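[1] Quick one: sequence and predicted model below, then my questions.
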Amino acid sequence: MGGDRATELASALETVRRRVDTAWADAGRDGQRPTLVVVTKFFPGSDVELLAGLGVTDIGESRDPEAGDKVAGLPGQLRADLRVHFVGQLQTNKARRVARYADVVQSVDRARLVRALERGREEAVDEGEQEDPLGVLLQVDLGEGEQAGRGGAAPDEVAALAEDVAAARWLELRGVMAIAPLDLAPDDTRRAFDRLVGLREQLRQAHPRATWVSAGMSGDLEIAVAAGATHLRVGSAILGSRPPQR
Ligand SMILES: *Cc1c(COP(=O)(O)O)cnc(C)c1O
């Protein structure tokens, strides 16, 4: 069984890496290629171990407490070498816990969440569980007009939220994240990601370390690469389709 799964994951990962390479070449971009964050929500820790063995350095999770249990169950050295991104909608009452085990929270969209994450990280540092600040991306709502957004702060709220994060001792602002609105034509998805990259440019003037743009999933990663994403969040194209959301 394990062998079959390893082969399956290796092959799907290779396909996605080739898609990224092709998109990168087609876009004529240079510099550093985007980081692949493999979204392992709903899949077991054994898959995370197999992926790490295939060179995956970053995983994404979106459900607490499932994510925390999974991370806690990983072998120590593997955990130390892996960057864990929390990418899902986060309730304020869960934020303190997530701040203890995540390396990056990509879905920060309101001031209350900033405060809760800061508290949680500070506790983890005080207790010797963590040493470094928690990385933070501001999730931006790219919905426009009739087009429903898929979560995140409104673009005009981003600057104030960035100040809140910058003022927090144990949080480090790294950039922006978004999920493209559903059912957009490719050109419109590209325009949405271009807006996200533009927001990162504005943010970077006041916050030089805010360089990340997390955009692109299994269905639209090529568009995100072309737009200049630094991080792609890919789940089903690598792990297979997820069981229905509970
Ligand atoms: C599940 C999830 C992904 C991965 O989506 P796929 O379409 O399976 O690649 C990316 N980002 C977020 C925020 C997610 O919740």
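    Arrived safely.
[2] how about low-confidence regions in this protein?
    Within the chain, the set of residues satisfying pLDDT under 70 comprises 1-2, 146, 243-246.
[3] Distance from the chain centre to stretch 80-91, please.
    7 Å (C-alpha atoms, centre = their mean, to the nearest Å).
[4] next one: stretch 34-45
    The offset between the C-alpha centroid of stretch 34-45 and the centroid of the whole chain comes to 9 Å, using C-alpha atoms, centre = their mean.
[5] Any part of that stretch near the ligand?
    Yes - counting by C-beta under 6 Å from any ligand atom, contacts between stretch 34-45 and the ligand involve V39, K41. In short, each C-beta sits where N, CA and C put it, glycine included.
[6] which parts of the protein sit against the ligand?
    By C-beta under 6 Å from any ligand atom, the residues of the chain that approach the ligand are 39, 41, 62, 87-88, 179, 217-219, 233-237.
[7] Going through those residues, which ones are buried?
    Buried members of the residues of the chain next to the ligand, counted by 16 or more other C-beta atoms under 10 Å: V39, K41, S62, V87, G88, I179, M217, S218, R233, V234, G235, A237.
[8] Which of those residues fall within strands?
    Restricting these to those inside strands, with DSSP state E as the criterion, leaves V39, R233, V234.
[9] Rebuild those as a markdown table, extending it with distance to R5.
    Compiled in a markdown table, those are given as follows (distance: C-beta to C-beta, whole Å):
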| residue | distance to R5 |
| --- | --- |
| V39 | 17 |
| R233 | 21 |
| V234 | 17 |
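[10] for the chain, what spans make up the helices?
    Along the chain, the segments classed as helices by DSSP state H run 2-27, 45-53, 66-72, 76-81, 92-101, 111-126, 158-167, 186-206, 221-227, 236-239.
[11] Name the residues that touch the shortest one?
    The one in question is helix 236-239. In this structure, residues lying in contact with helix 236-239 by C-beta atoms under 8 Å, 6 or more residues apart in numbering are 9, 12-13, 15-16, 19, 38-40, 43, 47, 51, 218, 221, 242.
[12] centre of the chain versus that helix, how much separation?
    Centre to centre, stretch against its chain (C-alpha atoms, centre = their mean), the figure for helix 236-239 is 15 Å.
[13] And the third one, by the same measure?
    Taking C-alpha atoms, centre = their mean, the mean C-alpha location of helix 66-72 is offset from the chain mean by 16 Å.
[14] Just list what it packs against, helices and strands only.
    In terms of contacts (3 or more C-beta pairs under 8 Å, 6 or more residues apart in numbering; DSSP states H and E), helix 66-72 is packed against strand 58-61, strand 83-86, helix 92-101.
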